[in-house]
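Asker: I'd like to go over a predicted model; first the sequence, then the structure.
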Amino acid sequence: MALKFGTSGLRGLVTEFTDQAIDSYISAFLIYCERKEIKKKIILAGDLRDSTPDILSRIQTIVHLRGFDSYYGGFVPTPALAYACKENLCAGLMITGSHIPSDRNGIKFYLPDGEILKNDEVEILKLTGCKVDSLPTIRGESREINLAEMYIQRYFNFWRNKPLSGLRILFYEHSTVAKTVLKEIFQNLGAEVDCAFESKTFVAVDTEALDSNPALEALASSGRYFATISADGDGDRPLVINEKGNVIRGDVLCMLAARYIGDPVIVTPISSNSSVEKLFSKVHFTKIGSPYVIEEMIKHSGLVVGFEANGGFLLGSDWCLDGEVLRALPTRDAVLPALLVILAAHISQLSLSELVGQLSGRQTYSDLIRGVQSTASQNIIEHFDSLISVCGKKVALKNKLDGLRLTLVDGEIVHFRPSGNAPEFRIYVEAASSEICFELCKKARAEVLSLLG
């Protein structure tokens, strides 16, 4: 495969991030910025993958040789970079593969008003055909910019009264680039934070399909912590585990966070829990991927919130509370949904499990099958599209907005979706109970695996 854009930036195998490929894509992006008359200033940051420093170094070279000033923000969460680009009215580049395996990496592109959208991708791809002269492999000099401090102050300035005082939080460090920032934000807001399970090598933590970790589960449910929090590799998707050691699903987390804000216009992908339509008065569904969510958010006025089933939360408009203003940040953020839900439970004097239990509605579950190439994924979709029954139940409705979402005759939902730029295949299910969800997902996974041989 070659480098290509997916639901969130450019991704591919580390071996595909050659000097020539990097030169082509970064030059195209810089030309695009010039055509849009954006100031010639680029903010750079990255995640903790072994391959990130080399890719970052080559990008610095291209940025300088193309006449742009570069500002290096270090290894920080993606939303910290996005926030700085918005505040400084400039573009940015985040070197990260998010949650995908360590043999892969990626680049996320940011403009002053947020991450690039699908129409931006089209124009950048057109410009990759421009002639790119051979450039020497030298490291450009970048000025330092403290992205972490800017991001931390964003939340500290909004909540000055330490609303999390009295809470003890466990932070699951692994190899997320958010490990320092998240800890400081929660400490600044009054919580006592313990850290555990740091990994010196990169761990591909997927917040939608968390691998079993008995030690983490035991500590999270030990009775010592109000909540356990973490994020994926680049810190734009939250992981929140309740006091019983159970992961709170990303869409459920975001629904609770949005409900704390009020009754905003909700924009969310088709893979999210359909209970959202009962909780909020205005809901709009999109294809999966933050660019699609942002494109739809732009169409609406007033208080607007977007979120994905993976827990990534997008604040589409400024939010005012007690005279303070939290400025819009229309890119996935791991801090805000985790913070709002923990705050909501604390204020209500409820545990996280009790707060989640107040949501009357449908349950969701998802699974991830790795190592499924695009051709095989398409064959799987075509196979299930041809069936009149799945998992032993008849199909009532088919939705092909993104992948194949099947509604069964009893109202249960099975959604099959290939990744856009990684060898992964996801299964989302929705039903009346978590037990039914689990069994339904188990059957769907078995049927997919049987097709793969």
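Answerer: Sure thing, it's come through.

Asker: where does pLDDT dip in this protein?
Answerer: Low-confidence regions of the chain, defined here as pLDDT under 70, cover residues 1, 131-140, 360.

Asker: quick one, helices of it?
Answerer: Taking DSSP state H as the test, the helices found in the chain are 19-35, 52-65, 78-88, 118-127, 147-158, 179-188, 214-220, 250-261, 276-279, 290-297, 335-347, 352-357, 374-385, 434-452.

Asker: buried stuff in the shortest one?
Answerer: Yep, that's helix 276-279 we're talking about. 276, 279 (16 or more other C-beta atoms under 10 Å). Using the backbone N, CA and C atoms, a C-beta is placed for each residue, glycine as well.

Asker: could you export the helices of the chain as JSON lines, including distance to Asp206?
Answerer: As requested, the helices of the chain are exported to JSON lines (distance: least, C-beta to C-beta, whole Å):
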{"stretch": "helix 19-35", "distance to Asp206": "25"}
{"stretch": "helix 52-65", "distance to Asp206": "18"}
{"stretch": "helix 78-88", "distance to Asp206": "16"}
{"stretch": "helix 118-127", "distance to Asp206": "23"}
{"stretch": "helix 147-158", "distance to Asp206": "23"}
{"stretch": "helix 179-188", "distance to Asp206": "17"}
{"stretch": "helix 214-220", "distance to Asp206": "14"}
{"stretch": "helix 250-261", "distance to Asp206": "11"}
{"stretch": "helix 276-279", "distance to Asp206": "22"}
{"stretch": "helix 290-297", "distance to Asp206": "16"}
{"stretch": "helix 335-347", "distance to Asp206": "17"}
{"stretch": "helix 352-357", "distance to Asp206": "21"}
{"stretch": "helix 374-385", "distance to Asp206": "17"}
{"stretch": "helix 434-452", "distance to Asp206": "15"}
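
Asker: what's the closest of those to Pro238?
Answerer: Of all these, helix 335-347 sits nearest to Pro238, with 4.5 Å by C-beta to C-beta.

Asker: please name every helix or strand in contact with the closest one.
Answerer: Helix 335-347 makes packing contacts with helix 147-158, helix 179-188, strand 227-231, strand 238-241, helix 250-261, strand 313-315, helix 352-357 when contacts are defined by 3 or more C-beta pairs under 8 Å, 6 or more residues apart in numbering; DSSP states H and E.

Asker: let me have the ones you listed in CSV, extended by distance to Ala82.
Answerer: Supplementary listing: those in CSV, determined by distance: least, C-beta to C-beta, whole Å:
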stretch, distance to Ala82
helix 147-158, 9
helix 179-188, 13
strand 227-231, 14
strand 238-241, 16
helix 250-261, 18
strand 313-315, 10
helix 352-357, 27
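
Asker: dump those to TSV, plus mean neighbour count and distance to Lys39.
Answerer: As requested, the helices and strands packed on helix 335-347 are arranged in TSV below (neighbours: other C-beta atoms under 10 Å; distance: least, C-beta to C-beta, whole Å):
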stretch	mean neighbour count	distance to Lys39
helix 147-158	19	17
helix 179-188	21	26
strand 227-231	27	30
strand 238-241	26	32
helix 250-261	24	32
strand 313-315	27	24
helix 352-357	17	43
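
Asker: closest one to His383 among those?
Answerer: If we rank these by C-beta to C-beta, the stretch that ends up nearest is helix 250-261, at 26.9 Å.

Asker: ok, which of the helices of the chain comes nearest Leu329?
Answerer: Leu329 sits nearest to helix 78-88 of all those, at 5.8 Å, using C-beta to C-beta.

Asker: contacts for the closest one next, please.
Answerer: 41, 43, 45, 73, 91-92, 94, 96, 108, 110-115, 145, 147-148, 150-151, 154, 181, 234-236, 327, 329, 331-335 (C-beta atoms under 8 Å, 6 or more residues apart in numbering).

Asker: just the buried residues of those residues.
Answerer: Listed as buried from these are 41, 43, 45, 73, 91-92, 94, 96, 108, 110-112, 114-115, 145, 147-148, 150-151, 154, 181, 234-236, 329, 331-335; burial here means 16+ other C-beta under 10 Å.

Asker: Asp211: neighbour count?
Answerer: Using other C-beta atoms under 10 Å as the criterion, Asp211 is surrounded by 10 other residues.

Asker: what's the nearest residue to it if we skip its chain neighbours?
Answerer: Closest residue in space to Asp211, ignoring its immediate chain neighbours: Val205 at 7.7 Å, by C-beta to C-beta, 6 or more residues apart in numbering.

Asker: these two touch, right, the one you found and Asp232?
Answerer: Yes: here Val205 reaches Asp232: they are 5.6 Å apart, a contact under C-beta atoms under 8 Å.

Asker: so what's in contact with the two at the same time?
Answerer: Looking at what touches both Val205 and Asp232 (by C-beta under 8 Å, 6+ apart), the common residues are 99, 176, 239.

Asker: CSV please, covering the residues you listed and showing distance to Phe285.
Answerer: As requested, the shared contacts of Val205 and Asp232 are arranged in CSV below (distance: C-beta to C-beta, whole Å):
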residue, distance to Phe285
His99, 23
Thr176, 29
Leu239, 24
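
Asker: with respect to Ile380, which of these is nearest?
Answerer: Out of the shared contacts of Val205 and Asp232, the one with the shortest distance to Ile380 is His99. That distance is 21.2 Å, counting by C-beta to C-beta.

Asker: is it true that the closest one touches Asp206?
Answerer: Yes: checked against C-beta under 8 Å, the pair His99 and Asp206 is within contact range at 4.3 Å.

Asker: the two: who's more crowded?
Answerer: Neighbour comparison, His99 and Asp206: the larger count goes to His99, with 24 against 20 (by other C-beta under 10 Å).

Asker: list the contacts of the more buried one.
Answerer: The neighbours of His99, taking C-beta under 8 Å, 6+ apart as the test, are 204-207, 232-233, 237.

Asker: sorry, back to before: now the common contact residues for His99 and Asp206.
Answerer: Between them, His99 and Asp206 share these contacting residues under C-beta under 8 Å, 6+ apart: Asp232.

Asker: thinking again about what came up before, ok, the contacts of His99 vs Glu141, which is closest?
Answerer: Ranked by distance to Glu141 (C-beta to C-beta), those are led by Gly233 at 27.4 Å.

Asker: in space, what's closest to that closest one - neighbours in sequence excluded?
Answerer: Closest to Gly233 by C-beta to C-beta, 6+ apart is Asp47, at 5.1 Å.

Asker: how many other residues sit next to the one you found?
Answerer: A total of 26 residues lie near Asp47 under the criterion other C-beta under 10 Å.

Asker: from Arg417, how far off is it?
Answerer: Remark: distance between Asp47 and Arg417 (C-beta to C-beta, to the nearest Å) = 24 Å.
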